[in-house]
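>>> show me the folded form of this:
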Amino acid sequence: MSTTRVGVLGATGAVGQRLIQLLDPHEEFEVAALSASSASAGKTYREAAKWRVDTPIPESVADMTVVETDPDAVPDDIDLLFSSLPSDIGADVEPEFVEAGYVVSSNSSNGRMDDDIPLTIPEVNADHLGLIEVQRDERGWDGALIKNPNCSTITMVPALAALDEFGLENIHVSTLQAVSGAGYSGVTSMEIIDNVIPHIGGEAEKMETESRKLLGSFDGAGVDLHEADVSASCNRVPTLDGHLENVWADLAADPDPADVVEAFESYPSVDLPSSPDQLIEVFDEPDRPQPRMDRMLGDGMAIATGGVESTADGIQFNCLAHNTMRGAAGASVLNGELLLEEGYL
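Next up is the predicted model:
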């Protein structure tokens, strides 16, 4: 089987490096282009990237020349681009690539709530990919742009999707988010060591809106947002990787905790290379999941849950996901696999 040629926009950053790690090797994708800022363009990737991932820099890309993040600089025989650009840059640059005919699977936050841009978790709402046809018709784009959600949103939404059979009405979530979610320079050691920061700018709003789009229904022309109300409180804690979240879900039905555990464990995965065999894993122990112990379940792509208990109006549970794997780079790769599977490449 021939491989699909892919490129990474913003390849030297934290998520870009995770993308490189996940794509070496990949059974369907071959990295053929790397882009970064003009300061890095012309250098080898080894020279341009201050490599911080916990595996060696792949030899297949180490001596590849980095190009500028511009459609004229990226080879036109690239089938798929993964974008890890800062959102302010992505807002301007990603449409330029799509107009030039590239298909872009993006982790950047810009455009996630646009009516014609798919915001997708393949195990939850793969049918939303149909928005690509709406996008092409309305914008006249030759390529396509697809987004994965915020790293905190993606941690709880698969579990909420499993609970939707009981009638989701209101969701309250409090997060304990790892420092890697802020990027390498996002939180200084003086801020976070021996501390918790009870606010992450813009994060609560992303969880409250993106969740409803992900859980919404696609009618062929657009997505009707889910009717549930979502309230979030987002906190930065001194863990390296893995977002842990405490969730309270008010439900129309009155399931027992055993019914909820069954709904979690039976929620289906998808037949894509990066999706785990068991999407949602449930711990019986009251002190699990924990970031250091459980973030790499399913090669970092599974959702860990636990602490399932009844409340007056529904269910309380905890959930955990690896924020730079399932919550960022892995989510973009999985969306790329979905694009390939559905014939968009």
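
>>> residue boundaries of the helices in the stretch 1-150 of the chain?
Under the criterion DSSP state H, counting those that start in this stretch, the stretch 1-150 of the chain carries helices at the ranges 14-22, 45-48, 59-62, 87-99, 122-125, 131-139.

>>> helix/strand/coil for residue 234?
Under DSSP: H, G, I helix; E, B strand; the rest coil, the three-state class of residue 234 is strand.

>>> if we can go back for a sec, so can I have CSV of the helices of the stretch 1-150 of the chain showing mean neighbour count and distance to residue 252?
Glycine gets a C-beta too; all of them are placed from N, C-alpha and C. Supplementary listing: the helices of the stretch 1-150 of the chain in CSV, determined by neighbours: other CB atoms under 10 Å; distance: least, CB to CB, whole Å:
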stretch, mean neighbour count, distance to residue 252
helix 14-22, 25, 38
helix 45-48, 18, 52
helix 59-62, 15, 50
helix 87-99, 18, 36
helix 122-125, 22, 20
helix 131-139, 17, 28
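
>>> and the ones you listed: which comes nearest residue 187?
The minimum distance between residue 187 and these falls on helix 14-22, with 12.2 Å, by CB to CB.

>>> give me the below-cutoff pLDDT ranges for the stretch 101-250 of the chain.
Scanning the stretch 101-250 of the chain for pLDDT under 70 picks out no residues.

>>> so residue 250 sits in a strand?
Yes. Membership of residue 250 in a strand is supported by three-state DSSP.

>>> what residues go with each domain of this protein?
Structural domains annotated on the chain: 4-150+328-341, 151-322, as defined by automatic domain parsing.

>>> off-centre distance for the shortest one?
What it means is domain 4-150+328-341. Between the centre of domain 4-150+328-341 and the centre of its chain there are 12 Å (CA atoms, centre = their mean, to the nearest Å).

>>> kindly check the end-to-end length of it for me.
The stretch domain 4-150+328-341 measures 12 Å between its terminal residues, going by CA to CA, to the nearest Å.

>>> now the last one
In terms of CA to CA, the two terminal residues of domain 151-322 are separated by 8 Å.

>>> what's the offset of it from the middle of its chain?
For domain 151-322, the distance to the chain centre is 12 Å (CA atoms, centre = their mean).

>>> for the closest residue to residue 223 other than its chain neighbours, give me its contacts.
If the residues on either side of it in the chain are set aside, residue 223 comes closest to residue 216, at 4.5 Å by CB to CB, 6 or more residues apart in numbering. Residue 216 is in contact with 125, 223, 224, 225, 226, counting by CB atoms under 8 Å, 6 or more residues apart in numbering.
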